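Asks: Provided below are the primary sequence and the corresponding predicted coordinates.
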Amino acid sequence: MSQKNETPALIASLLVTAGLLGGAFWWFTQRSGNFGVPIVQSSTPASKSDTASNSGQSTNSGQLSSGTFAQVQNVPSGLFRYGGSTSWAPIRLAVDGALQAARPEYRLQYTEPTTGSPGSGTGIKALIDGNLAFAQSSRPVSDEEYQRAQIRKLTLKQITIAIDGLAVAVNPSLNVPGLSVEQLKRIYTGQIDNWQQVGGPNLPITPISRSAESGGTVELFVEEVLGGQALSRNVQIVGTTTEALRQLGATPGGIYFASAPEVVPQCSIKPLPIGRSLDKLVPPYQEPLTNQCSNQRNQLNTPAFQSGKYPLTRNLFVIVKQDGGIEQQAGEAYANLLLSEQGQELVAKAGFVRSR
C-alpha cells in the first residue's frame, strides 16, 4: 500500500486509541472521585455524638419499613426494666402507653437508680451492672463505659432514634438578641458575669444548671460547650429542670440550658437564639416567638436541627448490650419500635426531631 493510502488509516487508528484512553481516564476519575476520597452523602449531619468512641457500635439501623408497632418483628414477651436519661421523659410519656396497648406481651418498667439521680450515666451503669435490660441516653457511650462493659464481657451498641438540641433560656423580661457558643462558655465558666458584656442591660448574670453528675445533658454541655472546663462556682445548682424554670422565671438576670423540648414550649421563660458566631444566630424555635401560650405553644425549629445549622444539637440513643440473650432482643426491639413510622411520629409529637 502506498504512503498516501496509509496516512488516513494511521490517523483513524490514532483517533480510536485517543478515544479509548480518554474514556478510560473518565471512568477512573468518576470511580475514584476527589483523589481517592469516597463521596459520602448523609440525610442527617455527622456529629461527634453519633460516633461510638472506640468500638464502632453506633448505628441508627432499625425496621423503619414497619408502619405500626403491631408490624414490628422479633419483639420478645416478658417484663423488661429500662431507665436512664431524664431528657427522654417526653418520649416515654408519648410512646409507652401506645406501645403497651399495641404490644401487651412486651411489658416495660421504668426503673430509677438505687443510688444517685436518674440520668444517662446512671442508666448505662445500671445496664452494665445487669440491673436493666436496656438504657436510654442523651449522649454517646463514653470510653470508660465501654471499658467497664468489656471487663464484664459485654459489648455495648448505641442506636440513634431521635435528634435533640440544647436550648438556652433567660427571664422573659431580659432584652438580649442571642449568644454565641463562646459567650455561653464564658458565662458558665465565670468569665462573663454581667449582661451588659453581651449587649444586654447592666444586670448581674445568674447562671443556673443541674449538677455535672446529673446526667447526659450537663455532661454534654460541659464537654461540647465548656471544652471540658468545670462549671463556675457562681453557677446555682438545682435538682430538676422544673425547679430551674421556676427559678428562672423569678430571676431577672437568670440563664439556664436544658433539652429543647423541655424549654421551647414554656411560657414563663424566653429561649435565646444561639450561634457559632454572633452573625449566625439561630433560634431553637420557629419564628415568630410567642408568649401567648393560651393560644399556641412555640414549636421546635426542626429544619435547623436536622441540617445542623443550630449549633447545639445531639442524638438520643437506645443503649443495648450485645450478649445474645433476651435482653439484647428486648433492647433492639425497643429501638425498632421507636424507628417504625408510628414510633417516629410519636417521637415528633413529643417535641423531638425524627432521626428518619
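Replies: Looks like it came in fine.

Asks: C-alpha from now on. contacts and neighbour counts both.
Replies: OK.

Asks: So which residues of the protein form strands?
Replies: According to DSSP state E, the chain carries its strands in the segments 58-59, 78-84, 106-110, 134-137, 156-170, 179-180, 206-210, 236-238, 254-259, 270-271, 274-275, 313-321, 353-354.

Asks: winner for burial among these?
Replies: Between the strands of the chain, strand 134-137 has the highest mean count of neighbours, a mean of 29, where neighbours are mean count of other Cα atoms under 10 Å.

Asks: Can you tell me which helices and strands that one packs against?
Replies: strand 78-84, helix 120-128, strand 313-321, helix 326-339 (3 or more Cα pairs under 8 Å, 6 or more residues apart in numbering; DSSP states H and E).

Asks: Could you report the pLDDT at the spatially most central residue of the chain?
Replies: Within the chain, one residue has its C-alpha closest to the average C-alpha position: by Cα atoms, centre = their mean, that is residue 315, at 1.8 Å. Confidence at residue 315, expressed as pLDDT, is 93.

Asks: Equivalent analysis for residue 24, please.
Replies: pLDDT, residue 24: 38.

Asks: Report how many residues lie close to residue 343.
Replies: By other Cα atoms under 10 Å, the residues close to residue 343 number 27.

Asks: The nearest residue to it once chain neighbours are set aside: neighbour count?
Replies: Of all residues not flanking residue 343 in the chain, residue 337 sits nearest, at 5.9 Å (Cα to Cα, 6 or more residues apart in numbering). The local packing of residue 337 (other Cα under 10 Å) involves 28 other residues.

Asks: Domain-wise, how is the chain divided?
Replies: What automatic domain parsing lists as the domains of the chain is 3-36, 48-164+315-354, 165-307.

Asks: what's the least confident stretch among the ones you listed?
Replies: domain 3-36 (a mean of 39).

Asks: Which among the strands of the chain is found nearest to residue 289?
Replies: Nearest to residue 289 among the strands of the chain is strand 270-271; the distance by Cα to Cα comes to 8.7 Å.

Asks: which other helices and strands contact that closest one?
Replies: Judged by 3+ Cα pairs under 8 Å, 6+ apart, strand 270-271 is in contact with strand 156-170.

Asks: gap between the strand it packs on and the chain center?
Replies: Chain-centre distance of strand 156-170: 3 Å, with Cα atoms, centre = their mean, to the nearest Å.

Asks: That strand vs helix 120-128, what angle?
Replies: With axes from the mean of the first three to the mean of the last three Cα atoms, to 10 degrees defining the directions, strand 156-170 sits at 160 degrees from helix 120-128.

Asks: in its sheet, what does strand 156-170 sit against?
Replies: Using DSSP bridges, the strands paired with strand 156-170 are strand 58-59 (parallel), strand 254-259 (antiparallel), strand 270-271 (antiparallel), strand 313-321 (antiparallel), strand 353-354 (antiparallel).

Asks: Using CSV, write out every CA atom in it.
Replies: Included here for strand 156-170 are C-alpha records, laid out as CSV according to Å, rounded to 0.1, in the frame of the first residue of the first chain:
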residue,chain,number,x,y,z
LEU,A,156,-22.5,-2.1,74.0
LYS,A,157,-24.3,-0.8,71.0
GLN,A,158,-26.0,2.6,70.7
ILE,A,159,-28.8,3.1,68.3
THR,A,160,-29.9,6.6,67.3
ILE,A,161,-33.7,7.2,67.5
ALA,A,162,-34.1,11.0,67.6
ILE,A,163,-32.4,14.3,67.2
ASP,A,164,-32.5,16.7,70.1
GLY,A,165,-30.9,20.1,70.9
LEU,A,166,-29.9,22.0,73.9
ALA,A,167,-31.9,25.3,74.3
VAL,A,168,-30.7,28.2,76.4
ALA,A,169,-33.4,30.3,78.2
VAL,A,170,-33.5,33.5,80.1
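
Asks: just the angle between that strand and helix 326-339, please?
Replies: For strand 156-170 against helix 326-339, the angle by the same axes, to 10 degrees is 50 degrees.

Asks: so which of the helices and strands packed on strand 134-137 gets nearest residue 218?
Replies: For the helices and strands packed on strand 134-137, the distance to residue 218 is smallest for helix 120-128, at 10.2 Å, taking Cα to Cα.

Asks: Can you mark which positions in the closest one are buried?
Replies: Buried residues in helix 120-128, defined by neighbour count with 16 or more other Cα atoms under 10 Å: 120, 121, 122, 123, 124, 125, 126, 127, 128.

Asks: Same question for stretch 298-316.
Replies: Under 16+ other Cα under 10 Å, the buried positions of stretch 298-316 are 298-302, 304-306, 308-316.

Asks: wait, which of the buried residues of helix 120-128 is closest to residue 170?
Replies: Checking the buried residues of helix 120-128 against residue 170 with Cα to Cα, the nearest one is residue 120 at 25.4 Å.

Asks: mind listing the helices for the stretch 201-350 of the chain?
Replies: Using DSSP state H, counting those that start in this stretch, the helices of the stretch 201-350 of the chain run over 216-224, 241-249, 260-263, 302-307, 326-339, 341-349.

Asks: Okay then, goodbye and thanks.
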